[in-house]
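Undergrad: Turn this into a structure:
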Amino acid sequence: MISSIYHSYDHYLAPEITDAMQQTIEAALDAHGAVTVFFRADDIGVLSKNYQHLMALFLKYQTPLCLAVVPAWMTQSRWEAMAEFHGKKETLFCWHMHGYRHMNHEIKGKKQEFGAIRSTRALSSDLSRGHERLTAIMGKNLTPVFTPPWNRCSPETLMLLKEKGFKAVSRSQGSLPLSPPGLRDFPVHVDLHTRKEQRAKEGWQTLLAEFTTGMNDDACGIMIHHMRMNHQAFIFLEYLLALFAGYKQITVVAFNDLL
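TA: The predicted structure is shown next:
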């Protein structure tokens, strides 16, 4: 769901919010001198209006974006329809694998597609089929990084990823189990669009706290769910892209750069 922080344009870019965001960034820069950031957009595979709006913003600000593609959703025709966003733009956009079908297999508890409830054979099959499908469609545009749906996966999945040649996994900051040696972890710290707070003030406080944590890490990961975005959410995203572009000490990278 869209959090209440996105419901009011006036409140969304109110001075107390923009001032607090700038103070958060400047505090991190004062402490470290420079900050590295990456944006990760999940659930990619359909050429929707929100997807086109998202990509247009990152092109406008020439900002790198890591795109987590669901293999079962991507087809050759859809990839060809996205041609303006790849090809010559391969240094700006980093395409990688996001699960297989983005399907929950858990009977109870938190959602997972690659959880411990599944057999090694099933996990391995989905990873291989997904990678083979995307490689056939996307070729050299595919980066060997895996984002598990809902940012969760089993220890066995992590070992299988390493065995199959993936170089990194991207999950929520603090996720367990830890990645095995040889499989890097690119955590996301900031969740822009799947917030659970019911009150705008609480949502903003938590969001700013996430930025503070992320900007004190090696690289601040910012997660985007474009399908959940409304008009106000796009306004804030553009504000954020413009704000980052105004600081030469902030470097926005893609997974290719981190690898």
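Undergrad: quick one: S128 and K164 touch, right?
TA: Yes. If you go by C-beta atoms under 8 Å, S128 and K164 touch, sitting 6.8 Å apart. Bear in mind the C-beta positions are built from the backbone N, C-alpha and C, glycine included.
Undergrad: At which residues are the helices of the stretch 1-150 of the chain located?
TA: For the stretch 1-150 of the chain, the helices defined by DSSP state H, counting those that start in this stretch cover 9-12, 15-32, 49-60, 76-81, 120-138.
Undergrad: any residues touching the third one, and which ones?
TA: When you say that, I think you mean helix 49-60. 39, 41, 44, 64-65, 85, 89, 92-93, 224, 226-227, 229, 234, 237-238, 241 (C-beta atoms under 8 Å, 6 or more residues apart in numbering).
Undergrad: from the middle of its chain, how far away would it be?
TA: The chain centre lies 15 Å from the centre of helix 49-60; the measure is C-alpha atoms, centre = their mean, to the nearest Å.
Undergrad: any idea which element the nearest residue to Q22 once chain neighbours are set aside lies in?
TA: Computed as C-beta to C-beta, 6 or more residues apart in numbering, the closest residue to Q22 that is not its neighbour in sequence is L243, at 7.0 Å. Under the criterion DSSP states H and E, the helix or strand holding L243 is helix 231-245.
Undergrad: Also L158?
TA: helix 155-163.
Undergrad: Please tell me how far A116 sits from V37.
TA: 32 Å (C-beta to C-beta, to the nearest Å).
Undergrad: And those two? Which one has more around it.
TA: Neighbours around A116 and V37, counted as other C-beta atoms under 10 Å, are more numerous at V37. The numbers are 22 against 12.
Undergrad: Scan the chain for its longest strand.
TA: Identified as the longest strand of the chain according to DSSP state E is strand 35-44.
Undergrad: What pairs with that strand, parallel or antiparallel?
TA: strand 65-69 (parallel), strand 220-224 (parallel), strand 250-253 (parallel) (DSSP bridges).
Undergrad: which ones are touching H105?
TA: Applying C-beta under 8 Å, 6+ apart, one finds that H105 lies in contact with Q112, E113, G115, I117, R118.
Undergrad: got the phi/psi numbers for the third one?
TA: The phi and psi values for G115, taken as degrees, to the nearest 10, are phi -90, psi 180.
Undergrad: My read is that it contacts E106, right?
TA: Yes. Using C-beta under 8 Å, G115 is in contact with E106, at 5.5 Å.
Undergrad: Of these two, which one has the most company?
TA: A count of neighbours by other C-beta under 10 Å puts G115 above the other of G115 and E106, at 21 against 15.
Undergrad: which residues does that one contact?
TA: Applying C-beta under 8 Å, 6+ apart, we find G115 in contact with H105, E106, R152, C153, S154.
Undergrad: Now those in TSV, please, with extra columns for pLDDT.
TA: Below are the contacts of G115 laid out as TSV (pLDDT from 0 to 100):
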residue	pLDDT
H105	97
E106	96
R152	97
C153	98
S154	98
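Undergrad: just to revisit the earlier point, mind giving me the ChimeraX command for buried ones among the contacts of H105?
TA: Buried residues within the contacts of H105, by 16 or more other C-beta atoms under 10 Å, are selected in ChimeraX with:
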select :112,113,115,118
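Undergrad: ok, the contacts of H105 vs R78, which is closest?
TA: The nearest member of these to R78, counting by C-beta to C-beta, is E113 at 20.5 Å.
Undergrad: give me every residue that touches that closest one.
TA: E113 neighbours (C-beta under 8 Å, 6+ apart): G99, Y100, R101, H102, M103, N104, H105, D126, P148, P149, W150, C153.
Undergrad: State the phi and psi torsions of the nearest residue to L178 once chain neighbours are set aside.
TA: Computed as C-beta to C-beta, 6+ apart, the closest residue to L178 that is not its neighbour in sequence is D185, at 7.5 Å. Backbone torsions for D185, taken as degrees, to the nearest 10, come to phi -120, psi 120.
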